[in-house]
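>>> How does the following fold in three dimensions:
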Amino acid sequence: MPIINVQMMEGRPKEKIAEVIHNITNTVSETLGSPKESIRVIVTEIPKTHWGIAGVPVSEK
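All right, here's what the predicted structure looks like:
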């Protein structure tokens, strides 16, 4: 059972997250030959205060 973890900054619309889950599921199914029912996609949204780029939280940029 493939399990795919996706981490991204918070703030995207729920429809876009659903689209990512759908597309990842299809890609993994086609690539590995796994049935879609066995594929798990976990999306974790990280607050911008908890995501740093070049030593600075994104919330401060």
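
>>> in this structure, which spans are helices?
14-32 (DSSP state H).

>>> Contacts only, for S59.
P47, K48, T49 (C-beta atoms under 8 Å, 6 or more residues apart in numbering). (C-beta placed from N, C-alpha, C; glycine too.)

>>> Could you rerun that using 6 Å?
By C-beta atoms under 6 Å, 6 or more residues apart in numbering, the contact list for S59 reads K48, T49.

>>> do you know how far it is from E45?
From S59 across to E45, the span is 14 Å (C-beta to C-beta, to the nearest Å).

>>> swap in N23?
N23 is 17 Å from E45, by C-beta to C-beta.

>>> Which strand residues bridge the closest residue to K61 other than its chain neighbours?
Excluding the flanking residues, the one nearest K61 by C-beta to C-beta, 6 or more residues apart in numbering is I53, at 7.1 Å. Counting by DSSP bridges, I53 is bridged to V56.

>>> and I53, how many neighbours?
Residues lying near I53 (other C-beta atoms under 10 Å) number 9.

>>> Under the pLDDT cut-off, which ranges of this protein? List them.
Along the chain, no part satisfies pLDDT under 70.

>>> Enumerate every residue touching the residue positioned nearest the centre of it.
Nearest to the geometric centre of the chain sits V6, at 3.0 Å (C-alpha atoms, centre = their mean). By C-beta under 6 Å, 6+ apart, the contact set of V6 is V43.
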